[in-house]
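Undergrad: Curious how this folds, go ahead:
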Amino acid sequence: MTETRRAKFTLGQVVATPGALEAIRDAGQSPADFLSRHITGDWGDLCDDDRRLNNLALTDGSRILSVKTRKGERIWVITEAADDHGRRYNTTILRPEEY
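TA: Now for the predicted structure:
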């Protein structure tokens with residue numbers, strides 16, 4: 001039996017840098033693989049403090065970061081902070097050096 005995970009927040013418009021798309025393609029994956037984990041609260045390779053901040057961001061609307069590693073390549077997924085009405089407008093997939 002497969003557990004269905006629910007989205008914990010909205011992504012807004014999703015964009016990705018060319019470097020991230022190349023790294024994801026080279027790993028034999030798609031951006032959707034990273035986004036589906038990110039939106040369900042799978043923060044990937046984060047320290048405990050950053051995990052705590054992400055969990056807090058689910059209620060206070062601050063920025064959400066997840067880090068995934070495939071074939072030695074780190075990929076960041078960042079969802080920007082929510083506005084005063086709780087709307088998140090943008091999620092970016094990028095390599096750390098592109099930040």
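Undergrad: from here on, contacts and neighbour counts on C-alpha atoms
TA: Fine.
Undergrad: Beta-bridge partners for residue 70, please?
TA: residue 73 (DSSP bridges).
Undergrad: So in this structure, which helix runs the longest?
TA: Assignment by DSSP state H gives helix 48-60 as the longest helix of the chain.
Undergrad: That helix - contacts with which helices or strands?
TA: In terms of contacts (3 or more C-alpha pairs under 8 Å, 6 or more residues apart in numbering; DSSP states H and E), helix 48-60 is packed against strand 64-70.
Undergrad: Buried residues of the strand it packs on, list them for me.
TA: Of the residues in strand 64-70, 64-68 count as buried by neighbour count, 16 or more other C-alpha atoms under 10 Å.
Undergrad: Do a quick rundown of the helices in this structure.
TA: 18-26, 31-39, 48-60.
Undergrad: closest to residue 86 among the buried residues of strand 64-70?
TA: Distance to residue 86, by C-alpha to C-alpha, is smallest for residue 64 among the buried residues of strand 64-70, at 13.5 Å.
Undergrad: isn't that closest one right up against residue 81?
TA: Yes. Using C-alpha atoms under 8 Å as the test, residue 64 is close enough to residue 81 to be in contact (7.3 Å).
Undergrad: I'd like the helices of the chain written out as a markdown table, with mean pLDDT, distance to residue 9 and mean neighbour count added.
TA: As requested, those are exported to a markdown table (pLDDT from 0 to 100; distance: least, C-alpha to C-alpha, whole Å; neighbours: other C-alpha atoms under 10 Å):
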| stretch | mean pLDDT | distance to residue 9 | mean neighbour count |
| --- | --- | --- | --- |
| helix 18-26 | 93 | 22 | 17 |
| helix 31-39 | 95 | 6 | 17 |
| helix 48-60 | 97 | 7 | 14 |
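Undergrad: Minimum distance to residue 74: which of those has it?
TA: Using C-alpha to C-alpha, those put helix 18-26 closest to residue 74, at 8.7 Å.
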